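> Mind looking at a prediction? Sequence and model below.
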Amino acid sequence: MAAEVLDFEEYVRTRQEALLRSARRLIADPVEAQDLLQTALARTYGHWDGIADKSLADAYLRRVMINTRTEWWRARRLQEVPTGQLPDVRTVDDSTEQHADRALLMEVLMVLAPKQRSVVVLRHWEQMSTEETAEALGMSAGTVKSTLHRALARLREELERRAERCPATRAA
């Protein structure tokens, strides 16, 4: 048992930064991304001895993060109440164009359904193959391809809509 604890602790120490980056790609808010990773790590720890091939631990943990994020999204969606007034939008002044582009992309990703967002993140940010993405998400390769196609089309539409509304926003 002590060896398993040390093995898990070593895994977390060596993979923590990469796993946090994955969480940040799934959830834009950095604090919520840290919460997502911590929740996923806690859930994974309970099943650590069941992961026979530890080289697949990243894929297992990403799947746990995606499932957890989906649970949170569903719970939050049930709590949302439509209103006639839009909330104030938080903006952060940052002079670097790269940060602004990243913030825009993270914001635009939130228009996608969780399944679409997961496919985009795994294929483009995590640079997983179609087959790896399909395995990680428990879907067929064809479903990954069609979901990715629809998600990218939706992102293009959203970027174009924002560019029309605000000419200063560049469609990347």
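Nice, thanks for sending it over.

> T14: neighbour count?
10 (other C-beta atoms under 10 Å). The way it works is simple: take the backbone N, C-alpha and C, and place the C-beta from them, glycine included.

> Which of the helices or strands spans it?
helix 2-26 (DSSP states H and E).

> Identify the residues contacting that helix?
Residues external to helix 2-26 that are found in contact with it (C-beta atoms under 8 Å, 6 or more residues apart in numbering): 30, 33-34, 36-37, 40-41, 45, 48-49, 54, 57-58, 61-62, 65-66, 69, 117-118, 121, 125-126.

> Now do the buried residues in stretch 24-43.
Across stretch 24-43, burial judged by 16 or more other C-beta atoms under 10 Å covers R24, R25, L26, I27, A28, A33, L36, L37, T39, A40, L41.

> Among these, show me the least confident.
Ranked by pLDDT, those bottom out at A28 (83).

> how much space between that residue and R117?
10 Å (C-beta to C-beta, to the nearest Å).

> which residues do the two both contact?
With C-beta under 8 Å, 6+ apart, A28 and R117 have common neighbours L109, M110.

> So what's the residue count around L104?
Residues lying near L104 (other C-beta under 10 Å) number 16.

> And it, how close does it get to G50?
For L104, the distance to G50 - C-beta to C-beta - is 40 Å.

> Check which element follows the helix or strand of the chain with the lowest mean pLDDT along the chain.
The helix or strand of the chain with the lowest confidence, counting by mean pLDDT, DSSP states H and E, is helix 97-109 at a mean of 74. For helix 97-109, the following helix or strand on the C-terminal side (DSSP H and E) is helix 114-120.

> Which neighbouring elements make contact with that following helix?
helix 57-79, helix 130-137, helix 141-165 (3 or more C-beta pairs under 8 Å, 6 or more residues apart in numbering; DSSP states H and E).

> in it, what's buried?
Buried residues in helix 114-120 (16+ other C-beta under 10 Å): P114, Q116, R117, S118, V119, V120.

> Tell me the one among the residues you listed nearest to R161.
Q116 (16.8 Å; C-beta to C-beta).

> Wait, the closest one touches E158, no?
No - applying C-beta atoms under 8 Å as the test, Q116 and E158 come out as separate, 11.7 Å apart.

> could you give the angle of the helix or strand just after the helix holding T14 to helix 2-26?
Using DSSP H and E, the next helix or strand after helix 2-26 towards the C-terminus is helix 30-45. With axes from the mean of the first three to the mean of the last three C-alpha atoms, to 10 degrees as the basis, helix 30-45 and helix 2-26 are set at 150 degrees to each other.
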